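Colleague: kindly generate the corresponding structure for this input.
(one chain, ligands or ions: 1)
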Amino acid sequence: MRVSVIGCGHLGTTHAAAMAELGHDVIGVEQDPEKCRALAAGRVPFFEAGLDELVAKHTASGRLRFSTAPAAAAAGAELHFLAVGTPLRPDGKGYEVDQVVGAVRSLVPLLQRPCTIVGKSTVAVGTVARLQAIIDGLATVPGVELVWNPEFLREGHAVLDTLEPDRILAGLSSTAARKALEEVYAPILARGEAQLVITDPATAEVAKSAANACLAAKISFVNAMAEVCELTGADVTQVARVLGIDPRIGPLGMRPGIGYGGGCLPKDIAAFAHRVKELGAVRAAGLLDAVEAVNHGRREAAVALVARAAGGNLEGVRVGFLGAAFKAGTSDVRDSPALWLAARLHLCGATVVIHDPQALPQAQRALPEAQYRETALGAATGADLLVLGTEWPEYLADPQLPATAATLVRKPVLVDVRTAVDPALWLAAGWSVWQLGCPVRHPTVPPATVAPPG
Ligand SMILES: NC(=O)c1ccc[n+]([C@@H]2O[C@H](COP(=O)([O-])OP(=O)(O)OC[C@H]3O[C@@H](n4cnc5c(N)ncnc54)[C@H](O)[C@@H]3O)[C@@H](O)[C@H]2O)c1
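Modeller: Below you'll find the predicted structure:
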């Protein structure tokens, strides 16, 4: 099929490359000329595991092209994906939909034949009906239909999740639109592993928001239990393990820590909370408010944990900081809990020296007042304590890191705000290990040679 993808950010670039991999002829439309130039040259301007290779492969094969002009999409494609951003409004009262409305307004008047527009961006319930009315007013040909096909990919696993999704959800109102959807996803559906769920548009809109809210609630639940553990001396990692064994609960999304972040969950929960309040669903709103309150509270708890590990005062403390991305596998630092914590430590008077394997340029732009190093050991050198802010496998799976880093820091104190390290490995190398919701663990051996101060 000839398809277009309008908006080539994290979602759109992945989707465009995946559609080319499925065999479609794809034109990606990106309004930012610099981003568009990079993509057209086969370079992805951010890190997402496996995406560089896929974009390079299909810009070379000719199945994936990029343009800044909506006319390129209108002329060549029979199905148009909308993957533009829906940020939170500055006042927090729902989504800013300017990008979605702008994309529709620039595309629809140019369409010369009946076609399907497939929205993938995350929107509030009621948006599809509003956009279809705009489309009907602008279309110069009949049969321009809007379908909403929300995206469930996880950054860090975006390529795999797009090529091998567990579900494809489509909110639509006609047989023609259903046929177009089935055709574009045919290679995935033929494998028989993804469930195709067809609903009306409002149900698709609510289902996407509900999926985000359910995941965020699970994360906030285990983090609320971490708060209880801190007050009782219990160990939240063991509590989470016990909960996760129950098949009705499950282990995924049950790792306690500094809470969720990124370009999606925080704004989607805030926008959903606002929408359900508008609708008058007061108890649902109360639940979402509690989920958000726990999440914000864990960030504050992480600051307090680092301060305690530093002996009560952060002024003048040198912090080696591992990780800036909002999670491992991506260079995305939008609403990153790690970077938020680094910024707060800096504000409290600490010198923060950051390493991240993929997000250094993005972090430097977002937090220029911190210092940056090209290696984890560089960030650790001379530090009074080390903070693990993002759970990159580089930090967790390198069995040499604890022992080598212990010889470079002033004091072997690790604050792991992701509850991600194997404490035994660090304790055996002489570190004390501080994790949210867990008793402080002290080393089982004396520290190795510690670098002299200075
Ligand atoms: N990032 C994710 O993992 C993810 C997952 C699921 C859903 N979503 C949803 O997908 C949407 C996009 O998210 P994102 O993270 O890719 O955002 P993003 O900000 O990274 O990308 C949006 C892109 O659209 C471009 N754009 C805006 N208006 C345009 C127009 N009229 N024509 C061409 N290009 C235009 C912007 O320049 C930008 O590059 C959001 O609604 C988000 O909630 C994202």
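
Colleague: just the strands in the stretch 51-200 of the chain please.
Modeller: Applying DSSP state E, counting those that start in this stretch to the stretch 51-200 of the chain gives strands spanning 64-67, 79-82, 115-119, 144-148, 167-171, 195-199.

Colleague: which one of those strands lies nearest to residue 404?
Modeller: strand 64-67 (42.2 Å; CB to CB). C-beta: built from backbone N, CA, C; applies to glycine.

Colleague: list the neighbouring strands of that closest one plus their orientation.
Modeller: Strand pairing for strand 64-67, using DSSP bridges, gives strand 25-29 (parallel).

Colleague: what about the residue of the stretch 301-450 of the chain found nearest the ligand, neighbour count?
Modeller: Residue of the stretch 301-450 of the chain nearest the ligand, by CB to the nearest ligand atom: residue 332 (7.2 Å). Residue 332 has 24 neighbouring residues, counting by other CB atoms under 10 Å.

Colleague: enumerate the residues of the stretch 1-150 of the chain near the ligand.
Modeller: 6-12, 29-32, 35, 83-86, 99, 102-103, 106, 121-122 (CB under 6 Å from any ligand atom).

Colleague: which of the strands of the stretch 51-200 of the chain sits closest to residue 379?
Modeller: Here strand 64-67 is closest among the strands of the stretch 51-200 of the chain (CB to CB), at 35.8 Å.

Colleague: which residues are in contact with that closest one?
Modeller: 8, 16-17, 20, 26-30, 36, 39-40, 55, 58-59, 72-73 (CB atoms under 8 Å, 6 or more residues apart in numbering).

Colleague: try stretch 207-217
Modeller: Contacts to stretch 207-217, defined as CB under 8 Å, 6+ apart, come from residues 122, 124-125, 150-152, 169, 197, 199, 253, 260, 264-265, 268-269, 271-272, 275, 287-288, 291, 295.

Colleague: buried stuff in it?
Modeller: Residues of stretch 207-217 classed as buried: 207-209, 211-213, 215-217 (neighbour count, 16 or more other CB atoms under 10 Å).

Colleague: now that stretch: average pLDDT?
Modeller: Averaged over stretch 207-217, pLDDT sits at 98.

Colleague: that stretch and the ligand, any residue contact?
Modeller: No: using CB under 6 Å from any ligand atom, stretch 207-217 stays clear of the ligand, coming no nearer than 7.9 Å.

Colleague: on that earlier part again, using a markdown table, lay out the strands of the stretch 51-200 of the chain together with distance to residue 229.
Modeller: As requested, those are exported to a markdown table (distance: least, CB to CB, whole Å):
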| stretch | distance to residue 229 |
| --- | --- |
| strand 64-67 | 49 |
| strand 79-82 | 44 |
| strand 115-119 | 42 |
| strand 144-148 | 41 |
| strand 167-171 | 34 |
| strand 195-199 | 37 |
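
Colleague: residues near the residue in the chain that the ligand sits nearest to, how many?
Modeller: Nearest residue of the chain to the ligand (CB to the nearest ligand atom) works out as residue 9 at 1.8 Å. Taking other CB under 10 Å as the criterion, the count of residues near residue 9 is 19.

Colleague: residue 144 reaches residue 135, doesn't it?
Modeller: Yes: counting by CB atoms under 8 Å, residue 135 is a contact partner of residue 144 at 5.5 Å.

Colleague: neighbour count for the two, which is higher?
Modeller: A side-by-side neighbour count of residue 144 and residue 135, using other CB under 10 Å, places residue 144 first with 21 against 18.

Colleague: what bridges to that one?
Modeller: residue 115.

Colleague: list the residues that contact it.
Modeller: Residue 144 sits next to 108, 111, 114-115, 117, 135-136 when contact means CB under 8 Å, 6+ apart.

Colleague: ok, back up a step: just the ones of the contacts of strand 64-67 in helices?
Modeller: When DSSP state H is applied, these are split such that 16-17, 20, 36, 39-40, 55, 58-59, 72-73 fall in helices.

Colleague: make a ChimeraX selection of the buried ones in the residues you listed.
Modeller: Buried members of those, defined by 16+ other CB under 10 Å, are picked up in ChimeraX with:
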select :16,17,20,36,39,40,55,58,59,72,73
